[in-house]
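1. Need coordinates for the following:
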Amino acid sequence: MKRVRVLVANQPRLMRELIMTTIGDQPDIELVGDVSERDDLTETVEQVRPDVLIIAMDQREKYHAQCGFLLGRYPEMKILALAPEQNRALFYWAIVEIRSKTLESSEAGILKAMRQRSPLVGVTQV
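-> Next up, the predicted model:
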């Protein structure tokens, strides 16, 4: 059975400990680390490659941008942002779609495709 790899980050110490205790009791979940400093988050994600990142959420816009950055680099990861004092939680994930389009098989067709900003007309989802 593949275990879900979880990294806990940026939580107040008590919350980190409670989350880690809860995760530690689950046979299908593996705690791969915890990060207390925001500056260490990206490096730690790079090192441990968690399936799920659990972070504290205090200012939605700040974390929304950070979640977007991390999911851009690690689209297979999911992020759970918790704000227990507000009784809120957000779940972030990325959907990567591969699309294709038939091109005119010529130098002009290839150059046109490379220069096109939004090649969505005539696109087939693969």
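
2. State the three-state secondary structure for Ala81.
-> When classified by DSSP: H, G, I helix; E, B strand; the rest coil, Ala81 comes out as strand.

3. Could you do Gln66 as well?
-> Following three-state DSSP, the label given to Gln66 is helix.

4. show me where this protein has helices.
-> 13-24, 41-48, 60-73, 107-115 (DSSP state H).

5. Would you format those as CSV with mean neighbour count included?
-> For the C-beta atoms, the positions are set from N, CA and C on the backbone; glycine is no exception. Putting the helices of the chain into CSV (neighbours: other C-beta atoms under 10 Å) gives the following:
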stretch, mean neighbour count
helix 13-24, 14
helix 41-48, 15
helix 60-73, 14
helix 107-115, 10
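
6. Just tell me which of these ends up closest to Leu7.
-> Set against Leu7 and scored by C-beta to C-beta, those come closest in helix 41-48, at 5.8 Å.

7. ok, the residue of the chain lying at maximal distance from its centre to Tyr74 distance?
-> The centre of the chain is farthest from one residue, Ser106, which by C-alpha atoms, centre = their mean lies 38.8 Å away. Distance, Ser106 to Tyr74, using C-beta to C-beta, to the nearest Å: 38 Å.

8. Same question for Glu37.
-> For Glu37 relative to Tyr74 (C-beta to C-beta), the value is 19 Å.

9. Show me the contact partners of stretch 102-122.
-> Among residues not part of stretch 102-122, those counted as contacts by C-beta atoms under 8 Å, 6 or more residues apart in numbering are Arg99, Lys101.

10. same question for it, mean pLDDT?
-> Looking at stretch 102-122 alone, the average pLDDT works out to 74.

11. Pull the distance from it to the chain's centre.
-> Distance, stretch centre to chain centre, for stretch 102-122: 31 Å (C-alpha atoms, centre = their mean, to the nearest Å).

12. and Ala9, what does it touch?
-> When contacts are counted by C-beta under 8 Å, 6+ apart, Ala9 touches Asp34, Val35, Ser36, Arg38, Leu41, Thr44, Leu53, Ile54, Ile55, Ala56.
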